[in-house]
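Trainee: show me how the following folds:
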Amino acid sequence: MELVEAEEAQVELIIDDKSAPENRAEEGPLDEAEANPVRPYVDLGGVKIVPREGLHLRLEVEEGSKRVVAVGLDFAKSTLQVQPFAAPRSTGLWHEIREQIADQIRKQGGTTTEVDGPFGPEITAEIPVAVGSEGAVAGQTTRLARFVGVDGPRWFLRGVIAGDATIDPETAEKIEELFRSVVVVRGNDPMPPRDLIPLHMPKQNPGDPGTTTV
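Mentor: Modelled structure (predicted):
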């Protein structure tokens, strides 16, 4: 029994060096080199987003530096926050990062569970919400969130899912498809692992019907 457990632990370690669906290069999230070059995208620098009816983009800006640190996608009564990071060529970041996320949530008084999702290991969390804070609902002291991550070629893409997609399977599929449609633009410049790949305001494109940016 001990030998089997040791072998299973070794397999998990190898898999977690790069955590991504087997068909990632075909189904996404895609690297820029894998994406359709003629497909219209909203260019946000480190990521490109496929425009679609009912999708609202929000750029989250760091107060002091005024730099864009995340992209919020509001769709189907849910929110998907995405952040692209630089990563090593041969190893991934998600195994280590998801442990840190779970630890941070527990320190805040929340609870976490690691489950196998459509992108591999993910974290489902119940996070305390301060009364009067953004996103707080009257009478609600916690909120549900899903943390997903995919290791790509020299990049790592993290997603945080909130809203109806945390409780409704049909809505969850829509948001998961939205996450798959994200294209990561790593660029060729050297970057330390875990550095945020630069994001910027979108270039105006009149051919993006249905998608609004705030």
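Trainee: can you list the low-confidence ranges for the chain?
Mentor: 1-16, 131-140, 204-214 (pLDDT under 70).
Trainee: tell me where it has strands.
Mentor: For the chain, strands defined by DSSP state E occupy the ranges 30-31, 42-43, 47-49, 55-61, 68-75, 78-86, 111-117, 120-128, 142-152, 155-163, 183-184, 211-213.
Trainee: out of those strands, which gets nearest to Pro198?
Mentor: Closest to Pro198 of these is strand 68-75 (Cβ to Cβ; 8.0 Å). The way it works is simple: take the backbone N, C-alpha and C, and place the C-beta from them, glycine included.
Trainee: run through the neighbouring helices and strands of that closest one.
Mentor: If contacts are counted by 3 or more Cβ pairs under 8 Å, 6 or more residues apart in numbering; DSSP states H and E, strand 68-75 sits against strand 47-49, strand 55-61, strand 78-86, helix 169-180.
Trainee: try it again at 10 Å.
Mentor: strand 47-49, strand 55-61, strand 78-86, strand 155-163, helix 169-180, strand 211-213 (3 or more Cβ pairs under 10 Å, 6 or more residues apart in numbering; DSSP states H and E).
Trainee: would you give the sheet partners of the second one, along with the direction of each?
Mentor: When sheet partners are counted by DSSP bridges, strand 55-61 sits next to strand 68-75 (antiparallel), strand 211-213 (parallel).
Trainee: list the buried residues in the first one.
Mentor: The one in question is strand 68-75. Across strand 68-75, burial judged by 16 or more other Cβ atoms under 10 Å covers 68, 70-75.
Trainee: contacting residues for the residue minimising distance to the centre of the chain?
Mentor: Centroid-nearest residue in the chain, with Cα atoms, centre = their mean: Gly159, separated by 1.6 Å. If you count contacts by Cβ atoms under 10 Å, 6 or more residues apart in numbering, Gly159 has them with 29, 73, 80-83, 119, 122, 146-150, 175-176, 178-179, 182.
Trainee: noted, bye for now.
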